[in-house]
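S.K.: can't give you the sequence, but here's the structure:
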C-alpha cells in the first residue's frame, strides 16, 4: 500500500517518545563519554570515533563528516527510508496510536498492521499447544528427557515455556485451522505448517520434537527452535524466516538476559539452546544463544546496547565443529574487535565439553565455570594460542608457518600500543623460553610487520586512486546528470551480480556497508526479484528472471539487456570487476551526497540570518563536508561505463 499521510499529532508524539540512544545503538556500538555517547560514524569510514549522541538533546552529530539530526533523521539517512515510513515504524515501536489525514488510508494501514499481530497471536497459541502436549501421555518421553537427561527443574521448564510437538503429520494443523479457525494462509506465514509438494493440503513443520519458543525483546513468541527425540535429521530445526522472525537478527534468551547483562556488564554467548537454558538455571542469566547462523554485526550491536564495557564472551563447544563455529562467528565481527569497539573473549571448557555437559560433569562445576569465565582470554590471545597449539616450533617449516600467520594477525590490529604488546607476546612464544632470543624475534617480527602494513597501505592507495592499466581506461564513469549516473552505476552493479557470481557477496556487503539502495524503479524491481529467487536457493538465476517476462513484461523489457553480454563486455568484466564495483559504489555515494547538498540548500533559503545563524552555520558545514566527500569519491570514479552499459 502507499504510505498514509500522517496526522501532525502522530508525528509530534513519535518525536517526543523516540529515544535517540536506543535507536542509534542498534546500528552503532556506543560508549558513554560523560553525559553523551561516542562511536564510529555509520555515514563515513573512520577509525577514531567522532560520532556523538546526546541523550539530553536527543540529537546526534559527527565531527568527521558533519552528519547530524534527531532520531527520525538518523533512520531516514541510515535506512534510506522516507519520513513517513520512519515515523510509522517508530509509532509501532513506541506504541503510539496512528492518525492519518484520510479515513480510507487509516483503515488500509490498520489492515496491514494487524498482520503481524495475527501472527503473534497464532504463535502464542501454538506455544500453549506445545506446552500442553508436553504434559500429555504422548509427551511423556519428551518430559522425561528434559527432567532426567537435561536435569531441568519444573521452574526452568515453565520459565522457558518448553513443549512438545506431537508426531502426527497434521496435529497442529487440525488444532489451529480446524478447531481454532485460524486462516490456513496465516498459519503457513507463521512458519508452523507447509504446503504439500504433491497433492493437496498441509503438514506440520515440527513433528515429534522438543519445542523451545524464541521470543523478541518484548517477550512475544516469534518462532521456535526444536530438537528431535529420535534419529531424524536435522537434529536441531528452527522456524523458517517469517514476517516476524529472522535468525540473523535474533538471539535466544535475550529477552530474559538483557537486565542481567546490564547488571553484570558482560554477556556470554553459547552455541545451543540447552546451553543457554542450563546456564540460566544455575544463575548465569546473562547468557544468550546464537541460532545456528554466523554471528552478525547486527547481533553484536544488539548485545552491546546492554553492556557498558562491551565485554562479550564466546563459549562455543571446544570440539572441531565448535571451533569452526567460533572462527566463523569471529569472522563476521572482527572489524569491530580489531578497532577496539568490543572486548571479545573466548572460553573453551576442559575436555571439549559444552556448557550444559560441563555443568553436569562434576560437583564443583558451577564454581569452576565461573572461574573459567573470569579468566577467559581475550580473543587475540586465544587466536595466538590456536596458532601454536600442537605445533613443534623446533622444526623450521612449522616455525616459519606460525611466524607468518602471527604477522598476518598482528597486521590487523589498529591500535599501535596494542600491536606492540602482542608483538612482544609473539616474540616470547617464538623464543621458546630462551630470553636471549626474545629481542631478536621482537625486532624481526616488527620489521616484517611494518613492511606488510606499508604494502597494505600502498595497495589501498592505488585502489582508492583507481590505479588502472591502459587497457582499463575505456571503462569509466564520467561527470553527467544525477539520473544518468544512477542509471549507469546501478546497471553495472546488477550486470556484475548476474554474470559474475564470485562477486555477489562483495556487492551485497558494499551496498549494506554504505547503506545504499537501488533508486531507479526498474533496477529496484530487478534487485527485489533477485533476492526472492535466491531465498528459494535457485541456481539458474538469469533463467528464472527471464521466466518472469510473462508476469511482468513491461519491467523485464526495461532490464532485459542486462541478461546478455557481448564478447567485449564479457572480457571487460573479467579483467576489471573489482575496479568497476568500486567505481559504481562511489558513483552511488556521490549522488547521495549531491542530494544532501540540494537538501541543505533548500533549507537554507527558508532561514533568516538574524534568527537562524546557528542553523545556517550547521548547513554550511554540511555542504562543505559533502563537497569534500564528493571530491574524494571522484578519484574512485576514474573510469567510464558508457561502452559497457549503452
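M.R.: It's in. Everything numeric in this text was worked out from a predicted model, so none of it was measured.
S.K.: give me every residue that touches the residue nearest to residue 235 when sequence neighbours are not counted.
M.R.: Nearest-residue entry for residue 235: residue 228, 5.6 Å, with adjacent residues in sequence omitted and distances by C-beta to C-beta, 6 or more residues apart in numbering. For glycine as for every other residue, the C-beta is placed from the backbone atoms N, C-alpha and C. Going by C-beta atoms under 8 Å, 6 or more residues apart in numbering, residue 228 touches 208, 209, 234, 235, 236, 237.
S.K.: quick one, phi psi at residue 228?
M.R.: As for residue 228, its main-chain torsions (degrees, to the nearest 10) stand at phi -70, psi 150.
S.K.: my guess is residue 365 meets residue 356, correct?
M.R.: No. Contact criterion C-beta atoms under 8 Å: residue 365 and residue 356 do not qualify, at 10.5 Å.
S.K.: ok, these two, which is more surrounded?
M.R.: Neighbour count, other C-beta atoms under 10 Å: between residue 365 and residue 356, residue 356 has more, with 21 against 17.
S.K.: And what about the more buried one, helix, strand or coil?
M.R.: What DSSP: H, G, I helix; E, B strand; the rest coil gives for residue 356 is helix.
S.K.: For it, give me the pLDDT.
M.R.: Note on residue 356: pLDDT of 91.
S.K.: hang on, it packs against residue 151?
M.R.: No. Residue 356 is not in contact with residue 151 according to C-beta under 8 Å; the separation is 9.1 Å.
S.K.: ok, the contacts of residue 228 vs residue 275, which is closest?
M.R.: Proximity of these to residue 275 (C-beta to C-beta) peaks at residue 236, which lies at 12.0 Å.
S.K.: Touching, that closest one and residue 274? I think so.
M.R.: No. Residue 236 is beyond contact range of residue 274, at 9.7 Å (criterion: C-beta under 8 Å).
S.K.: Please name the residues that touch the nearest residue to residue 309 once chain neighbours are set aside.
M.R.: Closest residue to residue 309 apart from its sequence neighbours, by C-beta to C-beta, 6+ apart: residue 265 at 5.1 Å. Shown in contact with residue 265 (C-beta under 8 Å, 6+ apart): 307, 308, 309, 311.
S.K.: of these, buried ones?
M.R.: The neighbour-count criterion (16 or more other C-beta atoms under 10 Å) marks 307, 311 among these as buried.
S.K.: got CSV for the contacts of residue 265, with secondary structure, pLDDT and distance to residue 253 too?
M.R.: Below are these laid out as CSV (DSSP: H, G, I helix; E, B strand; the rest coil; pLDDT from 0 to 100; distance: C-beta to C-beta, whole Å):
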residue, secondary structure, pLDDT, distance to residue 253
307, coil, 86, 15
308, coil, 80, 21
309, coil, 83, 21
311, strand, 91, 18
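S.K.: farthest pair in the contacts of residue 265?
M.R.: Using C-beta to C-beta, the two most remote members of those are 308 and 311, lying 8.9 Å apart.
S.K.: where are the low-confidence patches of the stretch 451-600 of the chain?
M.R.: For the stretch 451-600 of the chain, the stretches with pLDDT under 70 are 456-482, 534-539, 567-575.
S.K.: one step back: which one's more surrounded, residue 236 and residue 274?
M.R.: Neighbour comparison, residue 236 and residue 274: the larger count goes to residue 274, with 25 against 17 (by other C-beta under 10 Å).
S.K.: Which strand or helix spans that one?
M.R.: Residue 274 belongs to helix 273-281 when elements are defined using DSSP states H and E.
S.K.: Now do the next helix or strand after that helix: everything it contacts.
M.R.: Heading C-terminal from helix 273-281, the first helix or strand you meet, by DSSP H and E, is strand 287-289. Contacts to strand 287-289, defined as C-beta under 8 Å, 6+ apart, come from residues 251-254, 257, 267-273, 275-276, 279-280, 303.
S.K.: hang on, the earlier thing: pull up the overlap in contacts between residue 236 and residue 274.
M.R.: residue 227.
S.K.: you'd agree residue 77 is up against residue 71?
M.R.: No. Contact criterion C-beta under 8 Å: residue 77 and residue 71 do not qualify, at 11.1 Å.
S.K.: between these two, which one's more packed in?
M.R.: Taking neighbours as other C-beta under 10 Å, residue 77 and residue 71 compare with residue 71 leading, 23 against 19.
S.K.: hey, which helix or strand in this structure has the poorest pLDDT?
M.R.: Ranking every helix and strand in the chain by mean pLDDT, DSSP states H and E puts helix 642-645 at the bottom, with a mean of 37.
S.K.: Tell me where the stretch 201-350 of the chain has strands.
M.R.: In the stretch 201-350 of the chain, the strands defined using DSSP state E, counting those that start in this stretch lie at 202-204, 209-215, 221-228, 236-238, 267-270, 287-289, 311-315, 343-346.
S.K.: so where is this structure shaky, pLDDT-wise?
M.R.: Checking the chain against pLDDT under 70 turns up 1-5, 100-114, 292-294, 318-326, 329, 456-482, 534-539, 567-575, 607-614, 635-646.
S.K.: Geometric centre of it: which residue is closest?
M.R.: With distances taken as C-alpha atoms, centre = their mean, residue 298 lies nearest the centre of the chain, 3.5 Å away.
S.K.: Look up the closest residue to that residue, ignoring the ones flanking it.
M.R.: Closest residue to residue 298 apart from its sequence neighbours, by C-beta to C-beta, 6+ apart: residue 249 at 5.7 Å.
S.K.: Can you name the residues that contact the one you found?
M.R.: 296, 298, 299, 302.
S.K.: Inside helices: which ones of those residues?
M.R.: Within those, residues falling in helices by DSSP state H are 298, 299, 302.
S.K.: what's the closest of those to residue 426?
M.R.: Checking the ones in helices among the contacts of residue 249 one by one against residue 426 (C-beta to C-beta), the nearest turns out to be residue 299, at 30.6 Å.
S.K.: number of nearby residues for the closest one?
M.R.: Around residue 299 there are 24 residues (other C-beta under 10 Å).
S.K.: wait, isn't it in contact with residue 248?
M.R.: Yes. With contacts counted by C-beta under 8 Å, residue 299 reaches residue 248, the gap being 7.4 Å.
S.K.: tell me which residues in stretch 234-243 are buried?
M.R.: 236, 237, 238, 239, 242.
S.K.: which one among those gets closest to residue 155?
M.R.: Minimum distance to residue 155 across those is 24.0 Å, recorded for residue 236 (C-beta to C-beta).
S.K.: Relative to residue 603, how far out is the closest one?
M.R.: Distance, residue 236 to residue 603, using C-beta to C-beta, to the nearest Å: 53 Å.
S.K.: Next: residue 616.
M.R.: 9 Å.
S.K.: Next: residue 500.
M.R.: 41 Å.
S.K.: With residue 402 instead?
M.R.: The gap separating residue 402 from residue 603 is 58 Å, by C-beta to C-beta.
S.K.: what does residue 203 give?
M.R.: Applying C-beta to C-beta to residue 203 and residue 603 gives a distance of 57 Å.
S.K.: One more: residue 436?
M.R.: Using C-beta to C-beta, we find residue 436 at a distance of 68 Å from residue 603.
S.K.: quick one: which of these two has more around it?
M.R.: When neighbours are counted by other C-beta under 10 Å, residue 603 comes out ahead of the other of residue 436 and residue 603, with 15 against 7.
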